[in-house]
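Chemist: Turn this into a model:
(2 chains)
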Amino acid sequence: DAGVIQSPRHEVTEMGQEVTLRCKPISGHDYLFWYRQTMMRGLELLIYFNNNVPIDDSGMPEDRFSAKMPNASFSTLKIQPSEPRDSAVYFCASRPDSTYNEQFFGPGTRLTVL
Amino acid sequence: AQSVSQHNHHVILSEAASLELGCNYSYGGTVNLFWYVQYPGQHLQLLLKYFSGDPLVKGIKGFEAEFIKSKFSFNLRKPSVQWSDTAEYFCAVSNFGNEKLTFGTGTRLTIIP
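Modeler: I've put the predicted structure just below:
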C-alpha cells in the first residue's frame, strides 16, 4: 500500500496567487481529513469528508479556503488568493471507516507564500 | 469542545535517560487516545493508541502510555531513550463516536548523544 499521497511536497508562491494542494487517500478509506500545521497553532483540523461528502468545515479559516472531494481517490484544498499567513505545512489524512479511529497521515505539503 | 494539553513544549534528555511526556484532555466521556510521532521532515506516524481494555498500552519502538481516567491523562513513557527518538510527539484525543481528532500542541524531544 502506497499510503496517503500528497502533491506537491513543496510549494512556493507569491501573495495573491491561487494554490491547489492535492491528496490521494489510501484506497478503501471512507474518511479524509485536511490539517494545517504551524508553529503558532500546532496541528489544526480544517475540514473532513466522509464518502466524498464534506462533514465539518468549521476549521476552514475563511472564504479564501475551499476543499473538494470529487471522488473517493482524490481531494483538493485550494487557497485563493493566498496570503503570507497561509504559509504552513498542510497534511492530508485518511481513515478506514467509522469503527476504526486511527488516521493515516500523508507526507504533507510545505507551502510558502511570499 | 475537547481540548488537549501537552505541558512540556521542549524536553532535552541524554541517551539512556527515562522519558515521560504529559498529556491531559478536558472532556470526560468515553475517549479514544493516541500518541503520534513526527520525525524531522517527515509525516506523523502512530506510536500507540488506546480504545478500551488494559489502560497500559504498549506501542512501537519501546514506547508505552498509561490511561488514567480519573486524571484525564495519557502520559507517554520510555525507560531508556535513544538519539533516534529525537522528534516531535503529539497527543491526540477523539470523543467516542466522533470522527474528529483533537491534537495537543506537541512536545519537541531532543536526545543528546
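Chemist: Any chance you could list what contacts the worst-scoring helix or strand of chain B on mean pLDDT?
Modeler: When the helices and strands of chain B are compared on mean pLDDT, DSSP states H and E, strand B:102-103 comes out lowest with a mean of 91. For strand B:102-103, the external contacting residues (CB atoms under 8 Å, 6 or more residues apart in numbering or on different chains) are A:42-43, A:45, B:1-4, B:25, B:36, B:90-94. Using the backbone N, CA and C atoms, a C-beta is placed for each residue, glycine as well.
Chemist: If any of these are buried, give me the PyMOL selection for them.
Modeler: Those of the contacts of strand B:102-103 that count as buried under 16 or more other CB atoms under 10 Å in any protein chain shown are selected in PyMOL with:
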select buried, (chain A and resi 42+43+45) or (chain B and resi 2+4+25+36+90+91+92+93+94)
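Chemist: In a markdown table, list the contacts of strand B:102-103 along with distance to residue B:55 and pLDDT.
Modeler: Shown next, in a markdown table, are those (distance: CB to CB, whole Å; pLDDT from 0 to 100):
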| residue | distance to residue B:55 | pLDDT |
| --- | --- | --- |
| A:42 | 26 | 85 |
| A:43 | 25 | 89 |
| A:45 | 26 | 94 |
| B:1 | 24 | 78 |
| B:2 | 19 | 83 |
| B:3 | 21 | 88 |
| B:4 | 18 | 93 |
| B:25 | 14 | 94 |
| B:36 | 19 | 96 |
| B:90 | 20 | 96 |
| B:91 | 15 | 96 |
| B:92 | 17 | 95 |
| B:93 | 15 | 93 |
| B:94 | 17 | 89 |
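Chemist: Centroid-nearest residue for chain A?
Modeler: Among the residues of chain A, the one closest to the centroid is residue A:34, at 3.2 Å (CA atoms, centre = their mean).
Chemist: Next up, phi/psi of that residue, please.
Modeler: Main-chain torsions, residue A:34, degrees, to the nearest 10: phi -110, psi 130.
Chemist: and residue A:85, which of the three is it?
Modeler: Secondary structure for residue A:85, judged by DSSP: H, G, I helix; E, B strand; the rest coil, is helix.
Chemist: Nearest the geometric middle of chain B, what residue?
Modeler: residue B:35 (3.6 Å).
Chemist: quick one: that residue and residue B:50 touch, right?
Modeler: No - Residue B:35 lies out of contact with residue B:50 (CB atoms under 8 Å); the separation is 9.1 Å.
Chemist: now the contacts of strand B:102-103 in a markdown table, with distance to residue B:68 and secondary structure?
Modeler: A markdown table is the format used below for the contacts of strand B:102-103 (distance: CB to CB, whole Å; DSSP: H, G, I helix; E, B strand; the rest coil):
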| residue | distance to residue B:68 | secondary structure |
| --- | --- | --- |
| A:42 | 23 | strand |
| A:43 | 24 | strand |
| A:45 | 26 | strand |
| B:1 | 22 | coil |
| B:2 | 17 | coil |
| B:3 | 17 | coil |
| B:4 | 15 | strand |
| B:25 | 11 | strand |
| B:36 | 20 | strand |
| B:90 | 19 | strand |
| B:91 | 13 | strand |
| B:92 | 17 | strand |
| B:93 | 14 | strand |
| B:94 | 18 | strand |
